[in-house]
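Undergrad: Using only what follows, build the 3D model:
(chains A and B)
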Amino acid sequence: MAKNLVLKNLSKKFDNIYAVKNMNLEIKDGEFITLLGPSGCGKTTTLRMIAGFETPTDGEINYGGRVINDLIPQKRNFGIVFQSYALFPHMRVSENVAFGLKMHKYPKDKIDQRVDELLNIVGLREHKHKYPAELSGGMQQRVALARALAPSPEVLLLDEPLSALDAKIRVKLRAEIKQLQVDLGITTIYVTHDQEEALSISDRVVVMNQGIIEQIDKPVAIYKNPISKYVADFVGTSNFFEGRLSDGIVDNPEGKFKVTNAIGIKSGMVTAAIRPEKVEIIGDKADSSVAIQNVVSGKLMVIVFLGLIVRLVIRLKTQDVIVDMLEKRFTEMGIERGETVKLYFPPEGFIVYKNE
Amino acid sequence: MSTVTVEEISTKERKIIDDKFVIYLAGGLIGLFLIIFMLLPVLNILRLSITQYDEVAHEFIGKLTLNNFANYFSKPAIVQSLYHSLWIAVWSMLITTVLAFFFAYGLTRTTIKWKKALYYIAMTPLIAPSLLQAMALISLFGSNGLITAGLFNVEWNIYGPLGIIISEVLYCFPHAMVILYTTLSAVDSRLDEAAASLGASGVTTFFKVTIPTARYGIFSAAALVFNLAITDFGNPIIIGRGYRVLSTEIYLQVIGMQRFDLGTTIAVVLLVPSVIAFLLNYYFTKKSHSMISGQAKPQLPPSRPLKKWSFTIYTWMIAVILLSVVVVIVVKSFVRVWMYNWTLTFSHYQFKIPGGVGVLWTSLWISVVVGFLGATLTIVNGYVIEKKKPFFAQPLYLFSVIPAAIPGLVMGLGYILIFNTKFLNFDNIFYGRAAIVIINVVVCNFTLGTLSSITNMKNIDKSMDEAATSLGADTTRTFLQVIFPLSRVSFMSNLIYYFMRSMVTISAVIFLVSPNVHLAAISVINLEKDGQEGPSAAMATLIILVVVVVLGIISLLFRKKGFKLAAENQV
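TA: Below you'll find the model as predicted:
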């Protein structure tokens, strides 16, 4: 039977301030969902309520058709992985993994077998007799993962599990976690402030801001169609132009930008957002053939090589614009730093948000 | 990672006791324990101090009155004891703080040699009852002292206020030194270097940077010394002679004259300065800790020769004085008659007192029980207060820190007044007398035990608890299998602390000993007052020996496990 985890109007107040407010979310059985947001957005509080470490002020947590608000953490059978690993330093790796099994009165003769099985999965079988302090950060977090999975939890909760690790190990372990989750088919809730991590690992991403859900969607959809200026800013990079919208044109000090995606907004003060890769640099020769509309010139200030692409910072009259383009094409164009370039902002590249 | 399918684990239905219930029970019991054995006796003293007393029948009569205080302030001889106490405490505070500050400075900010040895020598007053100093001073500077009578053959002697002050300085020295040592090693010494690099002279740096950055530590040490000196009983009763202070006055009124009214009244008078000193100490300690930077300590640059030599001489001078207190007593215990007959003898070790040498074993077993009970209660208390934070965590914390403010003598008086009445007599209970002594020592030293346990709990990451919980462990098992193993070092140091306090404490238990239960430290005081200086020195020597041996055994046991503990601490 599929067991969904449903949050209904879930709220948590600390000293009369909402950490989480009226949260509604349905997590399907076997789904990998990520709560994404800056610190203080309520993502960790949500996770801790699901784990049972915090009691909701309002609303309910429903798992498999049963309200579990008041169920003690021990009986939820959810596995948790912490940012700080939280391995028991006085126990060997094998004892750490066996801890949950012992607590669950797992038959003694089968504990060893189960521990080996888990350590095999995370590739640390040969380290089973070591103490946590003798392992690297990445290895410790693998042990923590094995420990959390040992009692066959129904839901796996990961609280910024990779934040304390080096960039390279972070990318590697993130792929391993995803693979493991797919193999086990376990419902997984992942908390992070790293949008790249969230987009790369999740089935769906929940973008949170000040205790409220801004957007829930698949990673691609979040990136391509951010529902608010906040999401457009927090997930990926965006250039913003503020101005008055009328007749499909945003009037900004830099110029008049024609926009096509002003859905539902007729007029008023708006912010038009455009991703760096949507902005084009037009070569000198092409100046007359392309429409003059949505073209602005600026000075190339910074060039950052990122491998396949280059990221350019171009200074306009009143603000800077970030432009991403293929490195190969950039080299072909032969533009130098300090040169003046012309930028084309395609009307369909803009998403328009009404200003609050 | 390989692909696997995890088989479904069939777990048996487990019974889990609600965490809240366990925490409420543990915290509630400790709270109740403190209410009964700390709060009630003290409140009772406050009540009795304003209750009418029948001087003939030696009984309190129910009526409320302020007569006791009127009585107190109408007797100049008794009122004087308040001024005496303040005088002693202020001078002890000033002298001890200054001496200990430069000693700690030498250990932390100069490159003198043998720092560890100096540190341990500075701690020696902690392993003996607080009358050893007075005993040693009398042996050297008394009317029949080795130096006064023997060396210079002068009439002058040390009895009275001067003797008390010097004894208190020697006794309080380690307490102040520890605080100042912690402060000076925690405050970033690079500030000094920065000042020096900006052109400040050594003296300017010392007064403009070193002292101001350490000021809260200095204040907190001073307040603690004031508190210890004003509440001490052992030293003034031995060396004070006619010079009475509040603590000796309480004892004399109660034990000598059965005047419980004056006893409780003076106890309340004594409570005022000691509580104020405690509050100041508490406040400055908090302030001081907030100034401690987590920065790694840089290597000290070599001190200039003049500085190095002056501090070497200074620190060793103090070390020699502190050591000679012990040496004088040990030597005294082995000579037939001090000053008259220097032949070696063991006769002083044949104690002609009730219980004989057995009092030492009583003290030992009681101290072992106190050690385990105190360490256990305080570690559980720290866990409840710091990690579990039940709704009553605040009052529980408050009750836990109050004992340090209450003079031991007052607590002891409170105990006999409440637990040894017509209605309730602990001598009628099997081991009742020993139990009350044990409880008294545990309660009197509850503050430091709890505070160090809370600090320990703060160092254990919150997620440790939660990890265990999410893996299915209830509070009891989380505590026993995760928290306690991680707190072993803290547990052991609390155990040692309690053991030492119990072996040497006088003022807290002097009202509680009885023909059934004699304690070694009390025997020292009784023998000394009795003029049996040899046996009293012998008993003091035995106490020191027992404490040193037990400390040695514990540190040996720990050294074996040292490696594993060190590995754990890296996490």
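
Undergrad: Mind listing the residues bridging to A:Gly243?
TA: Using DSSP bridges, the beta-bridge partners of A:Gly243 come out as A:Val270.

Undergrad: the helices in the stretch 1-150 of chain A, which residues?
TA: Here the stretch 1-150 of chain A has its helices, by DSSP state H, counting those that start in this stretch, at A:43-51, A:93-103, A:108-121, A:137-149.

Undergrad: Which other helices and strands does the last one contact?
TA: Counting contacts by 3 or more Cβ pairs under 8 Å, 6 or more residues apart in numbering or on different chains; DSSP states H and E, helix A:137-149 is packed against strand A:78-81, helix A:93-103, helix A:108-121, helix A:167-184, helix B:462-470. In short, each C-beta sits where N, CA and C put it, glycine included.

Undergrad: deepest of those, which one?
TA: Among the helices and strands packed on helix A:137-149, strand A:78-81 has the highest mean neighbour count (mean count of other Cβ atoms under 10 Å in any protein chain shown), at a mean of 26.

Undergrad: right, is that strand up against chain B?
TA: Yes: Strand A:78-81 is in contact with chain B by Cβ under 8 Å from any Cβ of the partner chain, via A:78-80.

Undergrad: For that strand, C-alpha coordinates in PDB please.
TA: In PDB, the C-alpha atoms belonging to strand A:78-81 read as follows (Å, rounded to 0.1, in the frame of the first residue of the first chain):
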ATOM      1  CA  PHE A  78      11.900   7.600  10.000                       C
ATOM      2  CA  GLY A  79      15.700   7.500   9.400                       C
ATOM      3  CA  ILE A  80      17.500  10.800   9.900                       C
ATOM      4  CA  VAL A  81      20.900  12.000   8.600                       C
END
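
Undergrad: Show the average pLDDT along it.
TA: In this model, strand A:78-81 has a mean pLDDT of 94.

Undergrad: With stretch B:194-213 instead?
TA: Rounded mean pLDDT across stretch B:194-213 is 81.

Undergrad: Would you mind measuring the gap between the ends of it?
TA: Length of stretch B:194-213, first residue to last, Cα to Cα, to the nearest Å: 13 Å.

Undergrad: Could I get the buried residue list for that stretch?
TA: For stretch B:194-213, a neighbour-count test (16 or more other Cβ atoms under 10 Å in any protein chain shown) marks B:195, B:200, B:205, B:209-210, B:213 as buried.

Undergrad: As JSON lines, the helices and strands packed on helix A:137-149 with distance to B:Ile439 would be great.
TA: Formatted as JSON lines, the entries for those read as follows, by distance: least, Cβ to Cβ, whole Å:
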{"stretch": "strand A:78-81", "distance to B:Ile439": "41"}
{"stretch": "helix A:93-103", "distance to B:Ile439": "35"}
{"stretch": "helix A:108-121", "distance to B:Ile439": "42"}
{"stretch": "helix A:167-184", "distance to B:Ile439": "54"}
{"stretch": "helix B:462-470", "distance to B:Ile439": "30"}
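
Undergrad: State whether A:Leu312 is indeed within a helix.
TA: No: according to DSSP: H, G, I helix; E, B strand; the rest coil, A:Leu312 belongs to no helix; its state is strand.

Undergrad: What distance do you get for it to A:Val304?
TA: Using Cβ to Cβ, to the nearest Å, A:Leu312 is found at 8 Å from A:Val304.

Undergrad: Please say which of these two ends up with more neighbours.
TA: A:Leu312 (24 against 11; other Cβ atoms under 10 Å in any protein chain shown).

Undergrad: So for the more buried one, what's the pLDDT?
TA: 95.

Undergrad: what about the closest residue to A:Ala232 other than its chain neighbours, neighbour count?
TA: Of all residues not flanking A:Ala232 in the chain, A:Pro226 sits nearest, at 3.8 Å (Cβ to Cβ, 6 or more residues apart in numbering or on different chains). Around A:Pro226 there are 24 other residues, counting by other Cβ under 10 Å.

Undergrad: Just list the residues touching A:Pro226, thanks.
TA: Neighbouring residues of A:Pro226 by Cβ atoms under 8 Å, 6 or more residues apart in numbering or on different chains: A:215, A:232, A:235-236, A:238, A:273, A:351.

Undergrad: Which of the residues you listed fall in strands?
TA: A:215, A:273, A:351 (DSSP state E).

Undergrad: mind checking how far the second one is from A:Asn239?
TA: It refers to A:Ala273. Counting by Cβ to Cβ, the gap from A:Ala273 to A:Asn239 is 7 Å.

Undergrad: go on, A:Lys224?
TA: 16 Å.

Undergrad: Comparing those two, which residue is more hemmed in?
TA: Shown here are A:Lys224 and A:Asn239; by other Cβ under 10 Å, A:Asn239 has more neighbours (23 against 12).

Undergrad: Assess the claim that that one and A:Pro276 are in contact.
TA: Yes: with contact defined as Cβ atoms under 8 Å, A:Asn239 reaches A:Pro276; the gap is 6.7 Å.

Undergrad: what pLDDT, on average, does the one helix or strand B:Thr378 maps to get?
TA: In the assignment (DSSP states H and E), B:Thr378 maps to helix B:358-382. Helix B:358-382 carries an average pLDDT of 95.

Undergrad: before we move on, what about stretch B:444-461?
TA: 92.

Undergrad: before we move on, what about stretch A:143-155?
TA: 94.

Undergrad: tell me the pLDDT at the residue of the stretch 101-250 of chain B found nearest chain A?
TA: Nearest to chain A in the stretch 101-250 of chain B, going by Cβ to the nearest Cβ, is B:Ala186, at a distance of 24.8 Å. Here, the pLDDT recorded for B:Ala186 equals 79.

Undergrad: hang on, the earlier thing: overlap in contacts of A:Asn239 and A:Pro276?
TA: Counting by Cβ under 8 Å, 6+ apart, the residues touching both A:Asn239 and A:Pro276 are A:Ile322.

Undergrad: Same list (the helices of the stretch 1-150 of chain A) but as JSON lines, adding distance to B:Val549.
TA: Listed next are the helices of the stretch 1-150 of chain A as JSON lines, based on distance: least, Cβ to Cβ, whole Å:
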{"stretch": "helix A:43-51", "distance to B:Val549": "50"}
{"stretch": "helix A:93-103", "distance to B:Val549": "36"}
{"stretch": "helix A:108-121", "distance to B:Val549": "43"}
{"stretch": "helix A:137-149", "distance to B:Val549": "42"}
